[in-house]
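Student: Need coordinates for the following:
(one chain, ligands or ions: 2)
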Amino acid sequence: MDAIQLDGVVKEYVSHGEVVQAVKGVTLDIAEGEFFSLLGPSGCGKTTTMRMIAGFEEPTRGAVRLYGKDVTDVPPNKRDVNMVFQSYALFPHMSVWDNVAFGLKQKKVPTAEIRQRVTEMLEIVALTGREKRRPREMSGGQQQRVALARALVNHPRALLLDEPLGALDLKLRQAMQLELKRIQREVGITFVYVTHDQSEALTMSDRIAVMNDGLVDQLATPREIYEQPASTFVAGFIGTSNLIAGTATEGVLKISGGRVLVPGHDGEVTVTVRPEKIAIWTEEQPGDLSSVRGTVTEVVYLGTYNNYTVCLADGAEITVFQQNAVDATTTAERGDSVWLSWRPQHSYVIGR
Ligand code: ADP
Ligand code: MG
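Tutor: Residues are numbered from 1 along each chain as shown. Ligands and ions are numbered 1, 2, ... in the order given. Take a look at the predicted model:
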């Protein structure tokens, strides 16, 4: 069964007498037990979408369904979902234990059950032994785990997380990404995760909805989104991509200093090629390959790989990532004339 369904959801705000469409018509299904991310740049409508799922905002049009039931008019506290925010909103004067137990006490859950559920949750978020600490005596990552335990202890069917790691530094954020994924697997509930960080979404998600200006541009697995971007926006937002546009004739797109093979395509095409799929050579390579000649204008050494910028005769630039692997042979330098080549299956023709 689908845990969450959005059906043509629109949200309009009136701001200074003008109508602002924050969400312009989003339809999507989130499966039970799925780790689902809403990914997109700041202002594209992620938080608004999330708040409509939680019930903090009412859609202007469209419907929200949870477990098949229309909840469009149901208030947040009756929705069986819990939300975790970037600001952890912990009670500063309360211990970790009391923060996590708070909701259950409010609901008059029997003391023995509270003890058992809080113990279990603190174990899951790896905070056993820290029960007596106050929030300020803990790191940002630990505070976020308290906030997570406090939401999960209610046994919601879905957990909504809006940029929950935004306040943490990179190392801690990466550690917490893996931790969150582990916790989700362990508790087995639906996670809906909002982020503007593409690597974060790729790391954790079963599926991602890429949002662009109030709409979903693509909804797919991380691999599909990376390898088969639905739009030039998605191709540019997720990772680095080379975009090549032109007119193909019988599966060949002629470009300045070379050709791109696009088997089965004719007419106007926009092609994306990921930098790590391109090989760099001192001579033209034989065979059924896309192949283009250019001049190296920049080489950036990045430890695990080199980042080359290669300029074609018409001024277009192509980015190439070359792994510093055991068998890496090329040592092109700035100013060198080189040949780039890649296999036909690595040219992906974008739909829009
Ligand atoms: P995101 O979370 O992706 O950064 P939001 O959902 O917060 O985006 O906002 C989407 C758009 O809606 C933005 O342009 C924002 O300024 C606007 N917006 C959000 N909330 C309100 C509001 N309460 N009143 C008016 N405009 C709003
Ligand atoms: Mg937001």
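Student: Kindly report the domain assignment for this protein.
Tutor: With automatic domain parsing as the criterion, the domains of the chain are listed as 2-233, 241-349.
Student: Buried deepest among those domains, which one?
Tutor: domain 2-233 (a mean of 18; mean count of other Cβ atoms under 10 Å). Every C-beta, even on glycine, is put in place using the N, C-alpha and C of the backbone.
Student: does ligand 1 sit close to that one?
Tutor: Yes. Domain 2-233 is in contact with ligand 1 by Cβ under 6 Å from any ligand atom, via Y13, S15, V20, A22, G40, S42, G43, C44, G45, K46, T47, T48.
Student: Which pair of these spans the longest distance?
Tutor: S15 and G40 (20.2 Å; Cβ to Cβ).
Student: these two touch, right, T282 and W339?
Tutor: Yes. Counting by Cβ atoms under 8 Å, W339 is a contact partner of T282 at 7.2 Å.
Student: Rank the helices and strands of this structure by mean pLDDT and give me the bottom one.
Tutor: Least confident helix or strand, the chain: strand 81-84 with a mean of 85, by mean pLDDT, DSSP states H and E.
Student: Give me the helices and strands touching it, please.
Tutor: helix 46-54, helix 140-152, strand 158-162 (3 or more Cβ pairs under 8 Å, 6 or more residues apart in numbering; DSSP states H and E).
Student: re the thing from before, could you export the residues of domain 2-233 next to ligand 1 as CSV, including distance to I350 and pLDDT?
Tutor: Shown next, in CSV, are the residues of domain 2-233 next to ligand 1 (distance: Cβ to Cβ, whole Å; pLDDT from 0 to 100):
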residue, distance to I350, pLDDT
Y13, 32, 96
S15, 34, 89
V20, 29, 94
A22, 27, 97
G40, 18, 97
S42, 24, 96
G43, 24, 96
C44, 19, 97
G45, 23, 97
K46, 23, 97
T47, 28, 96
T48, 27, 97
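Student: any idea which of those residues is the one closest to Q228?
Tutor: For these, the minimum distance to Q228 (Cβ to Cβ) is 18.1 Å, reached by G40.
Student: Nearest residue to that closest one in space, ignoring adjacent ones along the chain?
Tutor: Leaving aside its sequence neighbours, G40 sits nearest to M211 (Cβ to Cβ, 6 or more residues apart in numbering; 3.5 Å).
Student: tell me the contacts of the one you found?
Tutor: V26, L38, L39, G40, C44, G45, K46, T49, D217 (Cβ atoms under 8 Å, 6 or more residues apart in numbering).
Student: Excluding covalently adjacent residues, which one is nearest to P75?
Tutor: Per Cβ to Cβ, 6+ apart, closest to P75 is G55, 5.8 Å.
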